[in-house]
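S.K.: sequence unknown, structure follows:
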């Protein structure tokens, strides 16, 4: 059997047992999640031993210190995975919720009921914790899951996956509902993302390169997150002390995240009062600035921004800065260069706030708050599988509900179509 | 400029004006739709003259009588297009609805607001009325639209599209929000379905071949409907008189539709009482039967069904018939051969009904009613752009709400992420 066939066979097995998960009660699914958490805690030593194999191979292969750090399973990280699974167990089950309904003039009673998506494929890179985090969410929402992690984390991923399977079994659920692809052959990914009829959706988690490859090759639907080029616009009427704190937080609190600010837009009328002081704060925080012409007149230490800087997702302590003359000009900049992820206005003028909220077409639009809040936990979803920059199905942070579909259940007493 | 570049330029123009439509009031959008309806009525003679060109070319090219009939714009069909647009104008506007929200512990006020998808591409085949029907729905939901119809209907489609553009203009909306691809070059479709960042979703409407080509080639999300292999299962406890009427309606009322029954499943315990009488009714209705072994013992005139028959979407007066021994066996058949579109059980036993409703994973699951009701109008959506057999974004009939996305609007007073 070649790789393509074996992947299809694997997906078919997941699909064949996914129906059992789809109709499992919340109590049983939660029992499985807690058994997984217990298993991770009980087997921490073994997980670290398996992880050590990946670390040794990674070191031998010359992986960077940063990559090796992402790969590492410490006691703290294992505990965090277990705690994550317990939190997911404690969340309300989205499956079975009635999300609409009506009685039609002919007496048909229609209800729209939330059901699992079916089988979800997760393709991810080096962090092994994704194995537990992503699978836990998919399973809680009643879905079968096919996991494909990075090859440098294979031993760690397999170990975690085995614990997840034991948890399913302990709750009387089919262990095959969670599958992991053990071959590192690239063909496996191609087979997985073209498994129409077996896999219902693929969620790639990783860098833009990975995601574009999946989108190019997939014939099954993809939920994706390309990048976050987030803006804060400081309006002429802004409370400048508030603006300073919001900008500092949006840029520096965790610069490597997709909801961090990458470009600051400042209204010309307050640029002279705002930018020199803001520049001082950024200098203290070691943020490198790349400014437009007008910015550089006020902040002579800033480098000159190029066209590429306006498109850039630095994920680092670097910030592009531009002076604009209106909310409209800020909105045009955001529409042209942004990624429709998270954008904020700082203003005291309700008219400018309204304009911005209406006119900026991003997953999250903020008035007087940091863009850093775009996150499933912060939005009250309890957990997130990721953030979608698509507009189809799910936009912004995706929690358990976003891992479901719905069906129409129709009760009649002999109705016929005329 | 080659075809690919010119299609990208066209999509970029639609995107650039789509924001105006996205923030247009319901009153203005409805004015545009009514102006379009008036325009179609006023220009019926011209529309028929343009349509005559397509008909003459089609006849010369040897199109079948059935295809020529689908192509034809009669006064009645033009009036129906106009009436369709008026009905869409009368529907509630989905845009701006608040579909969720909360105040977070830190005081952030989050609302989830319905917004247009952006730019929708519609790829369709020979019926020119789709030009008005699909565009009307997309525009009402605040979206820009790029239309690509069949080459045999080009003159008709262009004429209808011109009237739509005049309607937009009459209401003060940008005519460029509705674009039509006038080249018949196949490259145009490839360019359209890979226009990431310009087009947000593509909806192919037509035969399975067209849809598979779009899915294979697309890098933008696709909402699709492959086929409808719908089942009616007559349980042992069924009211047989009701079952007879439901089966006749599901098969014969309009056999060429995707929600018509293609396979009848009958419980063995009542097959002897039910099938001979049902067979008589089908014979009167000129339905050709293809049965399993047990069916043919009761209906000797039925042909022998092959494995292909269980997968078949006949769209015609042909029906596959199988005798099964339980609801479970019926559900297994549906899971294996069905298309997860619409499936019904006829039963008086609430336990069998529950089993079927829980266990059948189809867009619409019926108890004691005809599968023919799976339709946007019948479900109370007012209109439909199509029926989705996907699980992502939209499932089953798609109305105006399914042509929207959402965004999170977040108001704060200086909140920072800790």
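M.R.: Ah, there it is. Treat the numbers as computed from the prediction; the structure is a model and nothing was measured.
S.K.: Confirm for me that residue A:270 is in contact with residue A:233.
M.R.: No - counting by CB atoms under 8 Å, residue A:270 stays clear of residue A:233, with 11.5 Å between them. For glycine as for every other residue, the C-beta is placed from the backbone atoms N, C-alpha and C.
S.K.: out of the two, which sits in the busier spot?
M.R.: Neighbour comparison, residue A:270 and residue A:233: the larger count goes to residue A:233, with 27 against 17 (by other CB atoms under 10 Å in any protein chain shown).
S.K.: May I have the secondary structure class of the more buried one?
M.R.: Following DSSP: H, G, I helix; E, B strand; the rest coil, residue A:233 is assigned to strand.
S.K.: just checking, it touches residue A:328?
M.R.: No - the criterion here is CB under 8 Å, and residue A:233 misses it with residue A:328 at 10.8 Å.
S.K.: Please name the spatially closest residue to residue A:229 (chain neighbours excluded).
M.R.: Spatial nearest neighbour of residue A:229, excluding adjacent residues (CB to CB, 6 or more residues apart in numbering or on different chains): residue A:339 at 4.3 Å.
S.K.: Would you map the strands across the stretch 101-250 of chain A?
M.R.: Using DSSP state E, counting those that start in this stretch, the strands of the stretch 101-250 of chain A run over A:109-116, A:119-124, A:144-148, A:178-180, A:201-205, A:230-234.
S.K.: Would you mind putting these into JSON lines with distance to residue B:82 alongside?
M.R.: Formatted as JSON lines, these follow (distance: least, CB to CB, whole Å):
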{"stretch": "strand A:109-116", "distance to residue B:82": "29"}
{"stretch": "strand A:119-124", "distance to residue B:82": "44"}
{"stretch": "strand A:144-148", "distance to residue B:82": "48"}
{"stretch": "strand A:178-180", "distance to residue B:82": "53"}
{"stretch": "strand A:201-205", "distance to residue B:82": "39"}
{"stretch": "strand A:230-234", "distance to residue B:82": "44"}
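S.K.: what number of residues lie near whichever residue of the stretch 251-400 of chain A sits closest to chain B?
M.R.: Chain B sits closest to residue A:369 of the stretch 251-400 of chain A, with a gap of 3.0 Å, by CB to the nearest CB. Residue A:369 is flanked by 29 other residues according to other CB under 10 Å.
S.K.: Kindly state the pLDDT recorded for it?
M.R.: Looking at residue A:369, its pLDDT reads 98.
S.K.: Am I right that it is in contact with residue A:246?
M.R.: Yes - using CB under 8 Å, residue A:369 is in contact with residue A:246, at 6.8 Å.
S.K.: Confirm that residue A:254 lies within a helix, as I assumed.
M.R.: No - per three-state DSSP, residue A:254 lies outside any helix segment and is coil.
S.K.: any idea whether the residue nearest to residue A:405 when sequence neighbours are not counted is helix, strand or coil?
M.R.: Nearest residue to residue A:405 in three dimensions, chain neighbours excluded: residue B:391, at 3.8 Å (CB to CB, 6+ apart). Following three-state DSSP, we place residue B:391 in the coil state.
S.K.: ok, back up a step: how far away is the residue of the stretch 251-400 of chain A closest to chain B from residue B:412?
M.R.: To residue B:412, residue A:369 is 3 Å away according to CB to CB, to the nearest Å.
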